[in-house]
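1. Turn this into a structure:
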Amino acid sequence: MKACIMCGGTGTRLRPLTFKHPKPSIPILNQPSVRHLIEHLSKEGFNDIVLTLGYMGEIIEEQLGDGRIFGVHIEYVYEKEKLGTAGGVKNAEEFLKNEPFIVLGGDHVLNLGLREMFRFHENQEALVTIGLLSIDDPREFGIADMDINNRIHRFLEKPRAGQIFSNLASTGIYVCSPEIFDWIPENTKYDFAKDLFPALMASDKRLNGMLVRGEWTDVGSAAAYRQAQRWMLDSLPGTSIEGHFSTKNARIRGPLKVENNVSVGSNSSLVGPIVIGENTFIGDNVLIGPYSVIGSNCVIENNAKIFSSYLFNRVRIGENSNISGAVVGDETIVGQNCSLENETVIGHKVIIGNGSTIHSGVKIWPEVMINKNSGIKELTINPDYDSSHDGS
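-> Below is the predicted model of the structure:
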């Protein structure tokens, strides 16, 4: 079975994290997000995969290679200019045109039954089948009005208040018959939700929906990213320690995944689920609470506390600092006696001076230096980087 993964977006809503990582490569449990997706596709029997690439696509290709280690074959198709979701798939037509295929976003994190959805589509006569989930607030998604025979009669992208005729939200997962390429213009920006689906319904072509079950999110925002990390941490089967691990009187309660050459100091406490990357040093009297991920080559100094936070690689946390519900980018240094409050997002190579507090919900752009004893209450931009943070 074939799958097409769309990886062309710039991930502006996930900035500052996507200045260094393309959105599909944002780490979840210290692995690129798209790697988890490909592993799931492989388990579901999709072994022929095409990735459509745009922004920083070469990083994704380098991380995944030819797919052999996942038991799949991967082809890469680059977009010279933004073609939209359907246009990007059209650009990969030569690899997909001979049989039905499934389309997913490169930022999807899920445990849905994709094989079941594919088989459902094969037994119907629709050009496209959309995976639908019932959710409480569908305003950030497309919504569908579906009849008892699974046919969609209305579809509206990102409805406003007063337009929410359904809470059946599109997951952005589509199973397509190859005839769909006849409906997508070449070399033109064209979207599934905004352009193709309205065109199909206007021409009385069958567009189906299927109610899917399980967990799903697109990692399009910092909040969704944290949610995806929690889901994946909840799936840790137990405690695993890979390679050398040393500790002095630490209290450890799983589940944990600890990679090679990790050291934990005296009287520290680790309460899972937690993932710790290789070559990481954790000092004395450190408390790391549940739902935390520590990257590789990190240093957590004495008396630090980390709760429900995600540290990328080569991060340093100073003595007596408190990190709560934060995301901290690569090579950032947090000084002593600092506090990073809930929902803060810190870019790469930031230096936060001793005694500083980053208030809840604040984002700090890469390579910013925060003076000691600062209280940062609003978005902090580095003028050397694009300042926009809305959109896809």
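
2. got the residue ranges for the helices in the stretch 51-200 of the chain?
-> Assigned by DSSP state H, counting those that start in this stretch, the helices in the stretch 51-200 of the chain fall at 57-64, 84-90, 93-96, 114-122, 197-202.

3. Contacts for the longest one, please.
-> By Cβ atoms under 8 Å, 6 or more residues apart in numbering, the residues outside helix 114-122 that reach it are 1, 40-41, 44-46, 100, 102, 129, 131, 173, 175, 177, 208, 210, 212. The way it works is simple: take the backbone N, C-alpha and C, and place the C-beta from them, glycine included.

4. beta partners for Cys4?
-> Val50, Val103 (DSSP bridges).

5. What of Tyr76?
-> Leu51.

6. Quick one: residues contacting it.
-> With contact set as Cβ under 8 Å, 6+ apart, Tyr76 has these partners: 50-51, 53, 57, 61.

7. what do you get for Ser240?
-> 256-258.

8. before we move on, the earlier item: considering the contacts of Tyr76, which is situated nearest to Arg151?
-> Closest to Arg151 out of the contacts of Tyr76 is Val50 (28.2 Å), distances taken as Cβ to Cβ.

9. pLDDT at that closest one, what is it?
-> Among the per-residue scores, Val50 holds a pLDDT of 97.

10. Could you do Pro383 as well?
-> If you check Pro383, the pLDDT there is 95.

11. what about it, neighbour count?
-> Applying other Cβ atoms under 10 Å, we find 7 residues neighbouring Pro383.

12. Report whether it is found in a helix, as I expect.
-> No: going by DSSP: H, G, I helix; E, B strand; the rest coil, the assignment for Pro383 is coil, not a helix.

13. Val345 versus that one, what's the distance?
-> As judged by Cβ to Cβ, to the nearest Å, Pro383 and Val345 stand 18 Å apart.

14. now Gln163
-> Distance, Gln163 to Val345, using Cβ to Cβ: 30 Å.

15. which of these two has more neighbours?
-> With neighbours defined as other Cβ under 10 Å, Gln163 and Val345 compare such that Val345 has more, 26 against 10.

16. Would you mind naming the residues that bridge with that one?
-> In beta-bridge terms (that is, DSSP bridges), Val345 pairs with Val327, Lys363.

17. pLDDT score for it?
-> Reported pLDDT at Val345 in the predicted model: 97.

18. who's in contact with it?
-> Counting by Cβ under 8 Å, 6+ apart, Val345 touches 16-17, 222, 326-327, 362-364.

19. domain ranges for the protein?
-> 2-221, 240-376 (automatic domain parsing).

20. most neighbours per residue, which of the helices of the stretch 51-200 of the chain?
-> Neighbour counts (mean count of other Cβ atoms under 10 Å) averaged over each of the helices of the stretch 51-200 of the chain peak at helix 84-90, with a mean of 25.
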